[in-house]
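Colleague: sharing a sequence plus its predicted fold:
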Amino acid sequence: MARILAIVAAIACGLLILADFFLVDPILDALGAILTEGVLILAAFALLLGVVNLLGVHTRMNGSGRGRPYSAILLVALVGTFVIGVLRPASEELTWIFDYLYFPLQATMGALLAFFVVSAAYRAFKLRSVSAIILLVSSVIVLITQLPFSAALSPVLPAVREWIYAIPVTAGVRGILLGVALGTIATTLRVLLAVDHPYA
Amino acid sequence: MILCPSCSQRNPEGAATCQACGESLAGYVYRICPSCDAVNAAESAFCHRCLTPLDGSVALDAVASEDVAVTPYKPHLDPPGHNARVHLPRPPKGAGRTEDPTPILATPVTHASRGASPDLPGRPIAGGNAAAEGLDPLTLARDPLAGLDQVLPFEEGVLAAQRAPLKPARAAWDASEEADLYQRVATEPASLAVAGHVVSAATVARPLPRLGRAVLYLLVLAAALAPWFSGNITGALVRPRASVMAFASDLSAIPAGDAVLVAFDYGPTSAGELDPLALAALQGLASRGVRILALSTDPAGLGQAQRLLEALSAGAPEYRYGEDYAILGFVPAQEAGLRAAGESLRTAFPLDYRQAQPLDALPALSGIASVRDVERVIVISDDSQALRRWIEQVQSRSGVHIDALVTAAVEPLLAPFRQSRQLGHVVAAATGAAEFRLASGAPAVSAPGAVDHTDGYAALAIVVVAVAVATNVAELAAWSRRIAARRTRHGGTHAAPRRPRAASGKVR
């Protein structure tokens, strides 16, 4: 019985939100807004649940002990940031954590990508097939046209870049988007028709 | 379907050799459990159903049967002394199953007949004469499908799971695997596995033996440090693209006092690329007296918004928080959150992020109830999916004009949305900051004496192009030398050898 109720509720909510996309009706709008707010609240609780789970995982560390210092650092950082963020959001302390801890660490990880990209260019751009030649030529053209002075080098380069973006790239991306859309429609229909009910 | 015992490739029924590795699929045996008659892999030590030790049980190499055929299984070579396994002579390469004189068939078993549960009558499972089950209630309760392996073709996956050593489950391709791939590209000297193809260091690094990783990394370091020594050479050569000029023109046409919603959907990872363009656009808006309302669908984006807007306010003290700009907050739940924010800002953000005040108390939000009331939305992002969500949940419902300031890697992915006019302007941040300043009538460099990043970006792009070209030129030269040496050894009469390549034609 509970399973049937869950299926009926899910189908009703799905149809309601779907109808709200296509119909202009104040009642539907209000119902859709209520359901959407419910999702926001659930998402917030899911975040809290994730925090609790993370705390549980790292407080149960019982292995050889190699990971314990890292778990301790994680716990201190998590609890400290959480407490400061809840008690004093957007405060100087939280700004300091972001500016002097989070930002440098994340930016450093991002900066390392430059080394990986060059290493990948050295290893992967090998002319071993027609596809590899097309890949290399396209990559070189796009990279050159992205140079700050590409327009000064030749007025043709920006046009070539625009053509690559407008024709081959757009065709490929559009194909992917259409495939994703078809998959989404199929999945939605399966859920709405109760063929799939992952929630129950 | 036959699972190759060597490489686990799934081959069609009746295959003589494995499609992937060429391993012969002939000559298989099973091991029947003496207790429950379940069919087990020949190398199994215990029955997969009842955990009975299989030592001493009889391996079926050819058993007559009425009608129940199962997929044969070929055992691995195993260490001596393990009597639960069966050794078979390996058939010659190319020997197909059809050539095997003794096709392997499973024995139909009636559980009642072997006394597994004498109190229960034999229960026919399916197939009539195939098997009649008399399983004990506990077994039936645990496994209602128990015994079906006697009447249905044996599932190779069961055998594979039994004989495969325990290993961590392989998750779907995700960010951690991408990170692992990046790490291996940079650090693994011997080989690189990419989607099943192995990039051998021996073949890749051979043409340029002296151009090692250290040299490459030094080049990257030099490119990164270039802006501090180059004196902004490229800044004078920047020419604004048409798309950037149109974006700057549209921003300059926004009347003073109007509001623009700016989404900071990126974190510190992309800040080096996006921050200059974001700051240039914010300065352009603030200089015209346009109100800026900031939000983020990325938890780290709020920090970015606060940092940039404070820098903006520090440069223009008359541009104050609450009156001229406000940070609304973080939008959770992605699609649902954006939909809620698109419908009503006050519902999605009961309090502002910085001062925790109701939005009605902030003059910057006067007359602004939803995104329909703002002049346009500017999404600053390093993720094409974030833009897709904005288009689906906000633009399609409200019709608001959305511009995108994105990383250079994301720009091509937004081309369809730009063509369909679901996105207004798309500006790549790589050189966009300098181009936007020039298009706005300002100097390309953010401030006199400031270090701009265009030189570093240009230097790094040149390094990547140079490495790719030099690697291939060196490989072609080495290949030519090998051909010349081969011809010399054969007196110039031998035909030139074909260039070695992978059997699959792909990178190896």
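Modeller: Sure thing, it's come through.
Colleague: ok, the closest residue to A:Y165 other than its chain neighbours - contacts?
Modeller: In space, A:Y165 comes closest to B:A415 once its chain neighbours are excluded; the distance is 5.0 Å by C-beta to C-beta, 6 or more residues apart in numbering or on different chains. Backbone N, C-alpha and C define where each C-beta goes, glycine included. B:A415 is in contact with A:Y165, A:A166, A:V169, A:T170, A:V173, B:V426, counting by C-beta atoms under 8 Å, 6 or more residues apart in numbering or on different chains.
Colleague: ok, and the most crowded of these?
Modeller: B:V426 (24 neighbours; other C-beta atoms under 10 Å in any protein chain shown).
Colleague: relative to B:T407, how far out is that one?
Modeller: B:V426 is 11 Å from B:T407, where distance means C-beta to C-beta, to the nearest Å.
Colleague: repeat for A:L55
Modeller: A:L55 is 34 Å from B:T407, by C-beta to C-beta.
Colleague: who's more crowded, these two?
Modeller: More crowded of A:L55 and B:T407, by other C-beta under 10 Å: B:T407, with 22 against 15.
Colleague: roughly how far does the more buried one sit from chain A?
Modeller: 10 Å (C-beta to the nearest C-beta, to the nearest Å).
Colleague: so that residue sits against B:S384, correct?
Modeller: No - judged on C-beta atoms under 8 Å, B:T407 makes no contact with B:S384 at a distance of 9.6 Å.
Colleague: need the residues touching each of the two.
Modeller: Between them, B:T407 and B:S384 share no contacting residue, judged by C-beta under 8 Å, 6+ apart.
Colleague: next, count neighbours for B:A386.
Modeller: The tally of other residues near B:A386 (other C-beta under 10 Å) stands at 24.
Colleague: what pLDDT does it get?
Modeller: You'll see B:A386 listed with a pLDDT of 91.
Colleague: try the one 10 residues further on
Modeller: pLDDT recorded at B:S396 is 87.
Colleague: spit out the contact partners of it.
Modeller: B:S396 makes contacts with B:Q422, as judged by C-beta under 8 Å, 6+ apart.
Colleague: shouldn't it be within a helix?
Modeller: Yes - counting by DSSP: H, G, I helix; E, B strand; the rest coil, B:S396 is located in a helix.
Colleague: contact residues of the stretch 351-500 of chain B facing chain A?
Modeller: Within the stretch 351-500 of chain B, the positions near chain A by C-beta under 8 Å from any C-beta of the partner chain are B:353-356, B:397, B:408, B:411-413, B:415-416, B:419, B:428, B:430-431, B:434, B:454-455, B:457-458, B:460-465, B:467-469, B:471-472, B:475-476.
Colleague: buried sites along the longest helix seen in chain A?
Modeller: Counting residues, the longest helix found in chain A (DSSP state H) is helix A:26-59. Using 16 or more other C-beta atoms under 10 Å in any protein chain shown as the test for burial, helix A:26-59 gives A:L28, A:L31, A:G32, A:A33, A:L35, A:T36, A:E37, A:V39, A:L40, A:A43, A:H58.
Colleague: out of everything not next to it in sequence, what's closest to the third one?
Modeller: This means A:G32. Nearest residue to A:G32, sequence neighbours excluded (C-beta to C-beta, 6+ apart): A:D20, at 3.8 Å.
Colleague: for whatever helix or strand A:F82 lives in, list the C-alpha coordinates in PDB.
Modeller: Using DSSP states H and E, A:F82 sits in helix A:68-87. C-alpha atoms of helix A:68-87 as PDB (Å, rounded to 0.1, in the frame of the first residue of the first chain):
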ATOM      1  CA  ARG A  68      44.000   9.700  10.900                       C
ATOM      2  CA  PRO A  69      45.900  13.000  10.700                       C
ATOM      3  CA  TYR A  70      44.000  13.800   7.500                       C
ATOM      4  CA  SER A  71      40.700  12.900   9.100                       C
ATOM      5  CA  ALA A  72      41.500  15.100  12.000                       C
ATOM      6  CA  ILE A  73      42.400  18.000   9.700                       C
ATOM      7  CA  LEU A  74      39.100  17.400   7.800                       C
ATOM      8  CA  LEU A  75      37.100  17.300  10.900                       C
ATOM      9  CA  VAL A  76      38.600  20.500  12.300                       C
ATOM     10  CA  ALA A  77      38.200  22.300   9.100                       C
ATOM     11  CA  LEU A  78      34.600  21.100   8.600                       C
ATOM     12  CA  VAL A  79      33.400  21.800  12.100                       C
ATOM     13  CA  GLY A  80      35.200  25.100  12.200                       C
ATOM     14  CA  THR A  81      33.900  26.400   8.900                       C
ATOM     15  CA  PHE A  82      30.400  25.100   9.700                       C
ATOM     16  CA  VAL A  83      30.200  26.700  13.100                       C
ATOM     17  CA  ILE A  84      31.500  30.000  11.800                       C
ATOM     18  CA  GLY A  85      29.300  29.900   8.700                       C
ATOM     19  CA  VAL A  86      26.200  29.300  10.800                       C
ATOM     20  CA  LEU A  87      26.900  31.700  13.600                       C
END
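Colleague: for A:I97, which three-state class applies?
Modeller: With three-state DSSP as the basis, A:I97 sits in helix.
Colleague: give me the nearest residue to it, chain neighbours excluded.
Modeller: Leaving aside its chain neighbours, A:I97 sits nearest to A:T81 (5.9 Å; criterion: C-beta to C-beta, 6+ apart).
Colleague: which one of the buried residues of helix A:26-59 is nearest B:E392?
Modeller: Sorting the buried residues of helix A:26-59 by distance to B:E392 puts A:T36 at the head of the list, at 13.7 Å, by C-beta to C-beta.
Colleague: which residues touch that closest one?
Modeller: A:I17, B:A336, B:R339, B:A340, B:E343.
Colleague: measure the last one to chain A for me?
Modeller: If you measure B:E343 against chain A using C-beta to the nearest C-beta, the figure is 6 Å.
Colleague: check the third one too.
Modeller: When C-beta to the nearest C-beta is applied, the distance between B:R339 and chain A equals 5 Å.
Colleague: where does B:A300 fall, phi/psi-wise?
Modeller: phi -80, psi -10 (degrees, to the nearest 10).
Colleague: which parts of stretch B:234-245 are buried?
Modeller: By 16+ other C-beta under 10 Å, the buried positions in stretch B:234-245 come out as B:T234, B:G235, B:L237, B:V238, B:R239, B:P240, B:R241, B:S243, B:V244, B:M245.
Colleague: what lies in contact with it?
Modeller: Stretch B:234-245 has contacts (C-beta under 8 Å, 6+ apart) with A:147-149, A:151-152, A:158, B:248, B:425-427, B:431-432, B:434-436, B:438-439, B:444-445, B:452, B:454-455, B:458.
Colleague: now which of these would you call buried?
Modeller: By neighbour count, with 16+ other C-beta under 10 Å, those hold A:147-149, A:151, A:158, B:248, B:425-427, B:431-432, B:434-436, B:438-439, B:444-445, B:452, B:454-455, B:458 as buried.
Colleague: which of those fall within helices?
Modeller: Mapping the buried ones among the contacts of stretch B:234-245 onto helices (DSSP H) picks out A:151, A:158, B:248, B:431-432, B:434-436, B:438-439, B:454-455, B:458.
Colleague: do whichever strand or helix holds A:V180 and chain B meet at all?
Modeller: Applying DSSP H and E as the criterion places A:V180 in helix A:170-192. Yes - counting by C-beta under 8 Å from any C-beta, chain B has neighbours in helix A:170-192: A:T170, A:V173, A:R174, A:L177.
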